[in-house]
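Undergrad: any chance you could fold what I've pasted below:
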Amino acid sequence: METVNDKKVAGNMILYDDVLTILPEGVKAVSVESYGTSAWSQTGRINATDDKGTQTSYFLKYVSDEHGEPQLKGEYTGMLELYNTAPQITPKPYGWGRVTSEPCLYFYVCDFIPLTHAMPEPVKLAKLIADLHKTSVSPTGKFGFHLPTYDGWQPQEVGQWDDSWTSCFARLLKGLWELDAKMNGNWVELDSAMETTLAEVIPRLIGILERDGRSIKPCLIHGDLWETNIGTDATTGNIYIFDAAVYYAHNEMEIGIWRVNHHMMKAKIYRQEYAKQFQKSDPVEEWDDRLKLYGVKTKLMYSAGVPGGANIRQQVLEDLQDLIQKYGRKHTDPGTTESTDPVTVNGNTEAAISDDRE
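TA: Numbers count the residues shown, from 1 in each chain. As a prediction, this is how the structure comes out:
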């Protein structure tokens, strides 16, 4: 059934006047139609003509509820950061805003690109993402972002700048653990494993990347880069990324999601091809364990945000227990007997590793 709004734009979605103000000058909307599916939003395609009469299209997203404002502000700001860094793989964002005629409705608009959702070609994708990571420059030289970004409807604790990736990641993971507990209830075994991970595993497994002369470049990452958020242009074959949850991070954080079992991109070839384009951080032999830890972030997001997703908590617990066995208090850093520095999150020291190791 078609509807017509005040601007006489036909279609099966409402195209509010506030959205029209975001479109480029000279563009006239002709129709709007539902396009795609989303668990957290309503999405559509605006069909239009530009000032020369050429047909063009734009992607439209509506989000209601109170999280709509920070969610779409974060998406627009993050996608603009991606577009300014890697326009060849990012649909151009035009803006976001509030629908003033509705009590709690927000929108986001970007270029519409006809995409297929076949699995991306591994070699091409690896080079594009590695190039994004290599060429990106944090505006502060720090990790995080200048405002919160969202993974789906879920906020990420990345909306501040941090000198240390170790503490930035610890804060992010701690926030997701708390969100998962809020949504699914506390689980004693998981709570214990998370406390040990924050106190011992992260300072050792991640902290080692930032000491003994080592350093990490803050890289701009998409933040939720799995097959559903990657598409291939049906006409040109170009790969595009979208629906981002960006922040500046250790580059390997991007591909931890490619190790998670419930994603098709768990195929090793994606990680292997990326490693050919971007050298593994030292210690190289701990690369896969770092990806396992980074993948816990994705699993906690899934557990907290997807109906029935709590089943994945068992995998989170098993991953953490395996990492604790390798990098917990009894583990000594390669070639040294020095203790690991404590991780500070939100101004509080989560825990310190004792100098007296067993």
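Undergrad: as CSV, could you dump the C-alpha coordinates of the helix or strand where residue 298 lies?
TA: Under the criterion of DSSP states H and E, residue 298 resides in helix 287-305. Once non-C-alpha atoms are left out, helix 287-305 reads as follows in CSV (Å, rounded to 0.1, in the frame of the first residue of the first chain):
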residue,chain,number,x,y,z
TRP,A,287,48.4,-13.5,17.5
ASP,A,288,45.6,-16.1,17.6
ASP,A,289,45.2,-15.8,21.3
ARG,A,290,44.7,-12.0,20.9
LEU,A,291,42.1,-12.6,18.3
LYS,A,292,40.4,-15.1,20.6
LEU,A,293,40.2,-12.4,23.3
TYR,A,294,39.1,-9.7,20.9
GLY,A,295,36.4,-12.1,19.7
VAL,A,296,35.0,-12.2,23.2
LYS,A,297,33.8,-8.7,22.6
THR,A,298,31.7,-9.8,19.7
LYS,A,299,30.3,-12.8,21.6
LEU,A,300,29.3,-10.6,24.5
MET,A,301,27.5,-8.2,22.1
TYR,A,302,25.7,-11.1,20.6
SER,A,303,24.7,-12.6,24.0
ALA,A,304,23.4,-9.2,25.3
GLY,A,305,21.7,-8.1,22.1
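Undergrad: so which bits of the following helix or strand past that helix are buried?
TA: Where DSSP H and E defines the elements, the next helix or strand beyond helix 287-305 is helix 313-327. Judged by neighbour count (16 or more other CB atoms under 10 Å), helix 313-327 contains these buried residues: 313, 315, 316, 317, 319, 320, 321, 323, 324, 327. All C-beta spots, glycine's among them, are computed from the backbone N, C-alpha and C.
Undergrad: sketch out the low-pLDDT regions of the stretch 251-358 of the chain for me.
TA: 330-358 (pLDDT under 70).
Undergrad: and the residue nearest the centre of this protein?
TA: residue 223 (2.0 Å; CA atoms, centre = their mean).
Undergrad: so for that one, what's the pLDDT?
TA: pLDDT recorded at residue 223 is 97.
Undergrad: and it, what does it touch?
TA: 78, 149, 151, 156, 244, 245, 246, 247, 249, 254 (CB atoms under 8 Å, 6 or more residues apart in numbering).
Undergrad: could you dump these into TSV and include distance to residue 179 and neighbour count?
TA: Below are those laid out as TSV (distance: CB to CB, whole Å; neighbours: other CB atoms under 10 Å):
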residue	distance to residue 179	neighbour count
78	19	25
149	14	25
151	10	22
156	10	24
244	19	25
245	14	25
246	19	24
247	16	29
249	19	27
254	21	23
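Undergrad: so which of these sit within helices?
TA: Taking DSSP state H as the definition of helices, the contacts of residue 223 contribute residue 78.
Undergrad: can the contacts of residue 223 go into JSON lines with extra columns for distance to residue 135?
TA: Below are the contacts of residue 223 laid out as JSON lines (distance: CB to CB, whole Å):
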{"residue": "78", "distance to residue 135": "17"}
{"residue": "149", "distance to residue 135": "20"}
{"residue": "151", "distance to residue 135": "24"}
{"residue": "156", "distance to residue 135": "23"}
{"residue": "244", "distance to residue 135": "16"}
{"residue": "245", "distance to residue 135": "20"}
{"residue": "246", "distance to residue 135": "15"}
{"residue": "247", "distance to residue 135": "17"}
{"residue": "249", "distance to residue 135": "15"}
{"residue": "254", "distance to residue 135": "14"}
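Undergrad: and the gap between the residue nearest to the centre of the chain and residue 321?
TA: Distance from residue 223 to residue 321, counting by CB to CB, to the nearest Å: 26 Å.
Undergrad: same deal with residue 44?
TA: Look at residue 44 and residue 321: by CB to CB, they are 45 Å apart.
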